[in-house]
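Student: predicted model follows, preceded by the sequence.
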Amino acid sequence: MAPDGKKVIFIDELSWMDTPRSGLITAVENFWNGWASARRDIVLVVCASATSWMLSKIVHNKGGLYNRLTKQIHLRPFTLRECELMLTAKGIEMNRYQTLECYMVMGGIPFYWDFLQRGKSLAQNIDAIFFARDAPLRREFDYLFSSLFKHPSDYLAIVSALARRKAGMTREEILTSTSLADSGALTQKLGELESCGFLRRYRAYGKKQRDALYQLVDNFTLFHYKFLVDGDKDEFFWERMADSGLHNAWCGLAFERVCLEHVSQIKRALGISGVLTDVCSWSCKSDADNGIYGSQIDLVIARRDHVTNLCEMKYARNDFAVTKAVDESLRHKAADFRQLTKSRDSIHVTIVTTYGLKQNAYSGMIQSVVTADDLFAD
């Protein structure tokens, strides 16, 4: 290397070196401030899988490393398209319907996808990875939070509470459900779980940020609480459950989460990538006296061009057919939304589904359709 070339110092898993009385952070501060920062040829890269440690000790450091960061690299989960490319690179044949279901189980974590084996069906792979006696990820959840957080019990309490509430909870509801102390520490833990991708914080339509809801969206964590938490499933559980009522109900909920992780792809499919939007959810309770049916809309896209898309996610094995009951539900949701929000926008009911929409007597209300292929866009 030339004398004036860049010297890169790369330290992986820095958090695990920070043992009691090690003085590690002080040493790093002295190294950087006392010597390395004065040179123009030194690049220091530090990594850690313990997110809470990295945020508190490095990113939000109030001591000698305050405001010293040049850049942060947040490793995000793969998208559906990136997972598809990974399967191709591994020589695994899987259609998009199967890839979508695999994403519902594992999320976009490439470490999990690397356990998939050629020559096995998706159901066989899931059984081998999660349910077999020596399955490599059968106990993954037990180790996951311990590796990310040095004191995981409070984080697990939050996640466990949110796993029981599909639509999410406010901060106050989390406090009631977990009995954790109402302090800045809770806010910090919620922020760390959000940074790790376990939670999403979102604002309901018409509400302020202080009324935000926290929703558990990590696919693997939800899969664990649904199927792995009791540990009593046999080694062929997923193969035997295929096409069962339990499986289909889970698919419907899991598909909604995948859609919420691919909002940018949905906006692209609607041709509104360049339009300023407010993405949120909306719900209301029934009020018969005022003609309110009671509605829950998980994805509302309010657009600056005076159109609001009310997105309904429907998982189906073929083209989705709007039935009389579904048509009635969609009309009630649009009417509730219009009446209670007083929105002057054009209301476009949008179906997000796996394959497409079957045209019939009840499909006329649907203004736009987004398919799973659209979710696989780059």
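Tutor: On my side now, so go ahead.

Student: all strands for the chain, in order.
Tutor: 7-11, 42-46, 199-202, 213-216, 277-284, 295-303, 307-314, 320-321, 346-353, 357-358, 366-370 (DSSP state E).

Student: need the ones you listed in TSV (columns: mean pLDDT, distance to residue 172 and mean neighbour count).
Tutor: The way it works is simple: take the backbone N, C-alpha and C, and place the C-beta from them, glycine included. Shown next, in TSV, are the strands of the chain (pLDDT from 0 to 100; distance: least, Cβ to Cβ, whole Å; neighbours: other Cβ atoms under 10 Å):
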stretch	mean pLDDT	distance to residue 172	mean neighbour count
strand 7-11	92	40	11
strand 42-46	93	36	15
strand 199-202	89	14	18
strand 213-216	92	11	22
strand 277-284	91	17	18
strand 295-303	93	20	20
strand 307-314	97	27	22
strand 320-321	96	37	18
strand 346-353	97	31	20
strand 357-358	96	40	16
strand 366-370	97	34	18
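
Student: the domain parsing of this structure - what is it?
Tutor: Using automatic domain parsing, the domains assigned to the chain come out as 7-59, 80-138+231-256, 142-224, 262-375.

Student: show me the one of those that comes nearest residue 73.
Tutor: Comparison of the domains of the chain against residue 73 by Cβ to Cβ identifies domain 7-59 as nearest, at 8.6 Å.

Student: just to revisit the earlier point, can you redo the domains of the chain as TSV with distance to residue 71?
Tutor: Converted to TSV, these look like this (distance: least, Cβ to Cβ, whole Å):
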stretch	distance to residue 71
domain 7-59	10
domain 80-138+231-256	22
domain 142-224	16
domain 262-375	22
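
Student: if you tally nearby residues, what's the number for residue 197?
Tutor: Residues lying near residue 197 (other Cβ atoms under 10 Å) number 20.

Student: I figured it hits residue 77, correct?
Tutor: Yes - counting by Cβ atoms under 8 Å, residue 77 is a contact partner of residue 197 at 6.1 Å.

Student: which residues do the two both contact?
Tutor: Applying Cβ atoms under 8 Å, 6 or more residues apart in numbering, one finds that residue 197 and residue 77 are jointly contacted by residue 107.

Student: list of residues touching stretch 243-254?
Tutor: 101, 104, 105, 166, 219, 222, 223, 226, 227, 241, 314, 315.

Student: got it, and stretch 76-90?
Tutor: 94, 96, 99-100, 102-103, 107-110, 113-114, 116, 118, 197, 258, 261-262, 265, 375-378.

Student: residue 136: which of the strands of the chain is closest?
Tutor: Per Cβ to Cβ, nearest to residue 136 of the strands of the chain: strand 213-216, 23.6 Å.

Student: that closest one - contacts with which helices or strands?
Tutor: Here strand 213-216 touches helix 153-163, strand 199-202, going by 3 or more Cβ pairs under 8 Å, 6 or more residues apart in numbering; DSSP states H and E.

Student: these: lowest mean pLDDT?
Tutor: Among the helices and strands packed on strand 213-216, strand 199-202 carries the lowest mean pLDDT, a mean of 89.

Student: does residue 214 touch residue 201 like I think?
Tutor: Yes - with contact defined as Cβ under 8 Å, residue 214 counts as touching residue 201 (5.5 Å).

Student: what's the overlap in contacts for those two?
Tutor: Joint contacts of residue 214 and residue 201 (Cβ under 8 Å, 6+ apart) are 190, 194.

Student: can you tell me how far residue 316 is from residue 298?
Tutor: Distance, residue 316 to residue 298, by Cβ to Cβ, to the nearest Å: 17 Å.

Student: what do you get for residue 39?
Tutor: In this structure, residue 39 and residue 298 are 52 Å apart, going by Cβ to Cβ.

Student: re the thing from before, name the weakest-confidence residue in the contacts of stretch 243-254, if you would.
Tutor: Minimum confidence in those sits at residue 166, scoring 86.

Student: tell me which of the domains of the chain sits nearest to residue 70.
Tutor: So among the domains of the chain, domain 7-59 is nearest, using Cβ to Cβ, at 8.5 Å.
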